[in-house]
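K.L.:
task: produce atomic coordinates for the following.
(2 chains)
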Amino acid sequence: MAEQEGITVKKENFSEWFSQVVQKANLADIRFGVQGFVVYPTWGFKIIRRIYEYLEEELEKDGHEPFWFPTIVKKSDLEKEKEHANFTPEVFWVTKAGDKNLDEEFALKPTGEAQIYPIYSLWIRSHQDLPFKAYQDRMFVYRNDKQTRPFLRGREFPFFESHDVFATHEEGLKQVKKDFEISTKVLYDKLKIPFVLFKRPQWDKFKGAVDTYTPDTVMPDGKRNQLASTHDLGQKFAKAYDIQFLDKNGEKQYVWQTCYGPGIIRIAAAIFGIHGDDNGLILPFDIAPLQIVIIPVLFSKKKTENDKVLKKCLDIKDKIEKLGYKVKVDDSDNNPGWKYHNWELHGVPLRLEIGPREVKAGKATLVERTERKKFEIKIKDLDKEIKKHAKSLDNEIKKKADDYFKNNTRVANSLKELKEMLKKHKGFVKIPFCSDDFDGEKCADKLKDETDGGNVCGVKAERPEKASGKCIMCGKKAKCIVYVAKSY
RNA sequence: GGGGUUGUGGGCUAGUUUGGCUAUGCUUCAAGGUUUGGGACCUUGUGACCCCGGUUCAAAUCCGGGCAACCCCA
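P.N.:
Residues are numbered from 1 along each chain as shown, chains lettered A, B, ... in the order given. As a prediction, this is how the structure comes out:
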């Protein structure tokens, strides 16, 4: 692939910065030529794959098993869902096979429920089959009429979904909590993305769910980025798709279901957008497709020394490989400065510079992507130093992200205040609000109009904050504190 | 959902107002040479007017439609 120049705008100009990072750090290639469908080249795809791996690992620890469903959904199955769950999918229809029209049309799969639950109704017979917990990695395809953007809104995008079945609602609710923990482990602990866990307002939940919970973060342009969703489905789908089991007393009962759907590309967008800087990507150590890059510093007049430098680089590379890290020697023809910029653009966490100086001293120069300060390290301490600096890099990323996020929630006590804040402030604003049940929808609509697109994200899912005072929209007694932000 | 802008080698771009000449420059890529501690340089080379239709002696340029990307508003 063609090498790219660096980023030519500051991150403050987020929209343009993001487009450039996506293209220049080889995260996605938008030239496929079909709206909303992009190509993920190696660098971007490896990051995507790593996010999948984290989720798979955590879900499997929690007793989920993988499975794989077809790329298509029968029209009749989709319509069952539409009828019972009031869900209108915007799907791509497959209507022909060769030149013959199909008897029953099918859709490229948007959401998984409509294809998975008819099969669940066959698989689940008795209480001994429960709980049933499974997941699949897959593509999500649907016709999004809004402006598409790589990683933020596509018509096809990598997705992940778990679909769990329980004998009781209590067990389902426990799973919802478990999903929160998984979100925290993957999104925050591993990927250093801070977020707020919301319970969505009733009018904005997944229509087929009893309740919808979402970890939402804020991007540097101030817009909300929903990273995942957990739905407490109650028995709505069980009834629509007839998923029943025989309980211990031999009586037929409908199952209780939950599902968890992390948006892989939204998560990737958060990593890129939140951690990155003016020079490009910054990646946490563990997720990086390449963790350590070794740059030899060569001089054409010192042939014998060059050989020593290159040999040293390869030696060190072997050592690092044996330690289990992803490492590469960049011995391309570009000069060192060019290489520094290029790998910084791609977010490689650690860089080792090896020149004649280092060879002589038995040392290496190490640079962390975050602060870009140079450290002299001894080759014999390589293992220790890599661990130390990987950790320090991760801490730095985490600290910056936490600081960024801390300043991203403010408080408003009147509509006027909220309006002013949303204009300047990029992030969440919390306000006293009349209700997050259906009766609050009118206020939310009005709020959206008055604030040019401010969205009621919901109340905090765990420890909802106590409200005092009045709803800033209608003046009725406030029942809850809701968070407001503009969204993608 | 509504409005707007744009489409020229792999990337960025000049030329479009006022139709005409070998389509400009930078960068990437390839080859050779000099370089190399924070985006080096020289020489040579490859490579483009989004698609379909219309107007015209003549279209990158004007008109219509399509496709795609971006921006703003709801």
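
K.L.:
so where is the stretch 101-250 of chain A shaky, pLDDT-wise?
P.N.:
Within the stretch 101-250 of chain A, no range satisfies pLDDT under 70.

K.L.:
quick one: the strands in it?
P.N.:
For the stretch 101-250 of chain A, applying DSSP state E, counting those that start in this stretch gives strands covering A:132-141, A:156-166, A:196-199, A:211-218, A:223-226, A:228-234, A:244-246.

K.L.:
what residues does the stretch 351-488 of chain A put near RNA strand B?
P.N.:
A:353-358, A:365, A:367, A:372, A:374, A:448-449, A:452-453 (Cβ under 7 Å from any atom of the strand). Just so you know, the C-beta spots here come from the backbone N, C-alpha and C atoms, and that holds for glycine as well.

K.L.:
those in helices, which ones?
P.N.:
Among these, DSSP state H puts A:Pro356, A:Arg357, A:Glu358, A:Lys448, A:Asp449 in helices.

K.L.:
out of the residues of the stretch 351-488 of chain A next to RNA strand B, who's nearest RNA strand B?
P.N.:
A:Gly355 (2.2 Å; Cβ to the nearest atom of the strand).

K.L.:
number of residues surrounding the closest one?
P.N.:
Counted with other Cβ atoms under 10 Å, the neighbours of A:Gly355 add up to 21.

K.L.:
residues in contact with the closest residue to it other than its chain neighbours?
P.N.:
The shortest distance from A:Gly355 to any non-neighbouring residue, by Cβ to Cβ, 6 or more residues apart in numbering, is to A:Val297 (3.2 Å). Neighbouring residues of A:Val297 by Cβ atoms under 8 Å, 6 or more residues apart in numbering: A:Val309, A:Pro336, A:Glu353, A:Ile354, A:Gly355, A:Pro356.

K.L.:
my guess is the first one meets A:Glu353, correct?
P.N.:
It stands for A:Val309. No. A:Val309 is beyond contact range of A:Glu353, at 10.3 Å (criterion: Cβ atoms under 8 Å).

K.L.:
re the thing from before, give me the buried subset of the ones in helices among the residues of the stretch 351-488 of chain A next to RNA strand B.
P.N.:
For those, a burial check counting by 16 or more other Cβ atoms under 10 Å picks out A:Pro356, A:Glu358.

K.L.:
want to throw the ones in helices among the residues of the stretch 351-488 of chain A next to RNA strand B into TSV with pLDDT and distance to A:Val39?
P.N.:
TSV is the format used below for those (pLDDT from 0 to 100; distance: Cβ to Cβ, whole Å):
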residue	pLDDT	distance to A:Val39
A:Pro356	94	42
A:Arg357	94	42
A:Glu358	95	39
A:Lys448	91	35
A:Asp449	89	39
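
K.L.:
from the ones in helices among the residues of the stretch 351-488 of chain A next to RNA strand B, which single one is nearest A:Ala467?
P.N.:
Set against A:Ala467, the nearest of these by Cβ to Cβ is A:Lys448 (20.2 Å).

K.L.:
isn't that closest one right up against A:Asn455?
P.N.:
Yes. Judged on Cβ under 8 Å, A:Lys448 makes contact with A:Asn455 at a distance of 6.5 Å.

K.L.:
taking the stretch 201-350 of chain A, what residue is nearest to RNA strand B?
P.N.:
Closest point on the stretch 201-350 of chain A to RNA strand B, by Cβ to the nearest atom of the strand, is A:Gly337, at 2.8 Å.

K.L.:
that's a helix at that residue, yeah?
P.N.:
Yes. Counting by DSSP: H, G, I helix; E, B strand; the rest coil, A:Gly337 is found in a helix.

K.L.:
quick check: A:Ile182 vs A:Tyr260, distance?
P.N.:
According to Cβ to Cβ, to the nearest Å, A:Ile182 stands 7 Å off from A:Tyr260.

K.L.:
show me the contacts for the closest residue to RNA strand B within chain A.
P.N.:
Of all residues in chain A, A:Gly6 sits closest to RNA strand B, at 1.6 Å by Cβ to the nearest atom of the strand. A:Gly6 sits next to A:Lys24, A:Asn279, A:Gly280, A:His341, A:Leu345 when contact means Cβ under 8 Å, 6+ apart.

K.L.:
thanks a lot, catch you later.
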